[in-house]
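>>> compute the structure for the input listed below.
(chains A, B, C, D and E)
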Amino acid sequence: MQIALVIGSTVSTIKDESIRGRKLLIVRKTDTTGNMTGEPFVAVDTVSAGAGDLVLITDGSSARFTSQTDNAPVDAVIVGVIDSLELGGEVTYRK
Amino acid sequence: MQIALVIGSTVSTIKDESIRGRKLLIVRKTDTTGNMTGEPFVAVDTVSAGAGDLVLITDGSSARFTSQTDNAPVDAVIVGVIDSLELGGEVTYRK
Amino acid sequence: MQIALVIGSTVSTIKDESIRGRKLLIVRKTDTTGNMTGEPFVAVDTVSAGAGDLVLITDGSSARFTSQTDNAPVDAVIVGVIDSLELGGEVTYRK
Amino acid sequence: MQIALVIGSTVSTIKDESIRGRKLLIVRKTDTTGNMTGEPFVAVDTVSAGAGDLVLITDGSSARFTSQTDNAPVDAVIVGVIDSLELGGEVTYRK
Amino acid sequence: MQIALVIGSTVSTIKDESIRGRKLLIVRKTDTTGNMTGEPFVAVDTVSAGAGDLVLITDGSSARFTSQTDNAPVDAVIVGVIDSLELGGEVTYRK
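The predicted model follows:
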């Protein structure tokens, strides 16, 4: 899973029933302190995340394996809100 | 999902029944303002998108999970037309 | 799908029944004019493509979703021969 | 599979039953001597790995094919702890 | 599929029954002459390949579609030993 920061949202005209109405958030991959390192992409929110949250992103086919995205044409989903990251006994990020 | 701009189309001789006749659009990934940042690739259109539209692309196995691409050998599909993108309370793109 | 140029072929000793005997072509990703931009990789031919053809490549799990590659351990398949590419009303490639 | 070093852990608020309670470790890809070369990402531990262990990571859909991650929305799993790596008859890493 | 060179092997403590006992080889992607261009990763051997062999690698979910890796948590498998590569009528590699 990727560590990513929620930075925004998208409003889109979507025909597919299974993702219409889902919250589609814009995220960017970060390092272990929460600093953004990757390009923006869009992930389906399943955990009521919001802008500024550091989140865990599951991508690829596994993004369809939550109860909210089952069999939906989505390739990235937010599966958790990160509370803290720890490296070598040191907390590098805390919500 | 990726944010991408539709820039063109392809005409191809395709044997597979499940994708023959589908509209195959050329797209490039963009940033959150719609400026192109990625290399061109081809995605199946399922939402009547056209050149100049900013769209949401689902890739990988999930591209097969729309009603129009079910079980088809496709790895990228346009699932939505983006109406607006918002970052930090500011609209960075509007159709 | 990727736009790629067929540049060669490979002869391999393969044990798996489902891909033994298949034509395995060497391809490289191109831009929209047919100029090579990517590294060489190998794709299963399902459309009688040949060296010099610009082709459409489906990769990942969807490469198994043609009649010739069903359930085979392949991750890239040629699904079409490109006849023309058009960007902004201008033809950038014609076979 | 990737060769990676376990460097830390994450505490997250996760709704999905299938991954709640799982140990989520932060890892970085390494070369064949154990020196880190890649960016940090998060993998589900299924082998009781710990910080400092060199591990084998399976990613993508195959990450769901362990008994502990079956049908879970995870895209990276630790499937083994590396005891040694050997190149050209020379041991380049030993636990 | 990728063209890769087998450069070594790994000994790992693996819990999963389906991959325990399998030969796990270290490989690096090459160009069409067999010169290494990519970073090392680990692939399951299904064709009795050895160090120095140029091989065909299938990755992603399709790595599970050989008789030896069926439903196993593996994301890269060696499906063939390359005998020769030919570009533009010229042999660029011969075993």
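>>> how near is A:Gly34 to E:Arg64?
Using CB to CB, to the nearest Å, A:Gly34 is found at 35 Å from E:Arg64. Every C-beta, even on glycine, is put in place using the N, C-alpha and C of the backbone.
>>> ditto for A:Thr69
The spacing between A:Thr69 and E:Arg64, counted by CB to CB, is 22 Å.
>>> okay, the two: which has more neighbours?
Set side by side, A:Thr69 and E:Arg64 show more neighbours around A:Thr69, with 25 against 22, by other CB atoms under 10 Å in any protein chain shown.
>>> list the contacts of the more buried one.
For A:Thr69, the contact set (CB atoms under 8 Å, 6 or more residues apart in numbering or on different chains) comprises A:18-19, A:22, A:44, A:46, A:63, A:77, D:73.
>>> CA atoms only: put stretch A:49-66 into CSV for me.
Only the C-alpha atoms of stretch A:49-66 are listed here, as CSV (Å, rounded to 0.1, in the frame of the first residue of the first chain):
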residue,chain,number,x,y,z
ALA,A,49,-11.0,10.8,4.8
GLY,A,50,-10.6,14.5,4.2
ALA,A,51,-8.1,17.0,2.8
GLY,A,52,-4.9,16.9,4.9
ASP,A,53,-5.3,13.3,6.1
LEU,A,54,-2.4,10.9,5.5
VAL,A,55,-4.0,7.7,4.2
LEU,A,56,-3.2,4.2,3.1
ILE,A,57,-3.9,3.6,-0.6
THR,A,58,-4.5,0.1,-2.1
ASP,A,59,-4.2,0.1,-5.9
GLY,A,60,-4.6,-2.3,-8.8
SER,A,61,-7.2,-5.1,-8.7
SER,A,62,-7.2,-5.2,-4.9
ALA,A,63,-8.9,-1.8,-4.9
ARG,A,64,-12.1,-3.7,-5.8
PHE,A,65,-11.9,-5.8,-2.6
THR,A,66,-13.7,-3.5,-0.2
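>>> quick check: buried residues in it?
Across stretch A:49-66, burial judged by 16 or more other CB atoms under 10 Å in any protein chain shown covers A:49, A:51, A:53-66.
>>> taking the residues you listed together, which two end up most distant?
Spatial extent of the buried residues of stretch A:49-66 (CB to CB) is set by the pair A:Ala51 and A:Ser61 at 27.4 Å.
>>> let's have the contacts of A:Thr69 in a markdown table, adding secondary structure.
Listed next are those as a markdown table, based on DSSP: H, G, I helix; E, B strand; the rest coil:
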| residue | secondary structure |
| --- | --- |
| A:Ser18 | coil |
| A:Ile19 | coil |
| A:Arg22 | coil |
| A:Val44 | strand |
| A:Thr46 | coil |
| A:Ala63 | helix |
| A:Val77 | strand |
| D:Pro73 | coil |
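>>> of those residues, which one scores lowest on pLDDT?
Least confident of those in the model: A:Ser18, at 82.
>>> quick check: closest non-adjacent residue to that one.
In this structure, A:Ser18 finds its nearest non-sequential neighbour in A:Ala72, 3.8 Å apart by CB to CB, 6 or more residues apart in numbering or on different chains.
>>> repeat that for A:Val27.
Counting by CB to CB, 6+ apart, A:Val27 lies nearest to A:Ala4, which is 4.2 Å off, once chain neighbours are set aside.
>>> got it, and A:Gln68?
A:Thr46 (4.6 Å).
>>> likewise for A:Lys29?
A:Gly38 (3.0 Å).
>>> sounds good, over and out.
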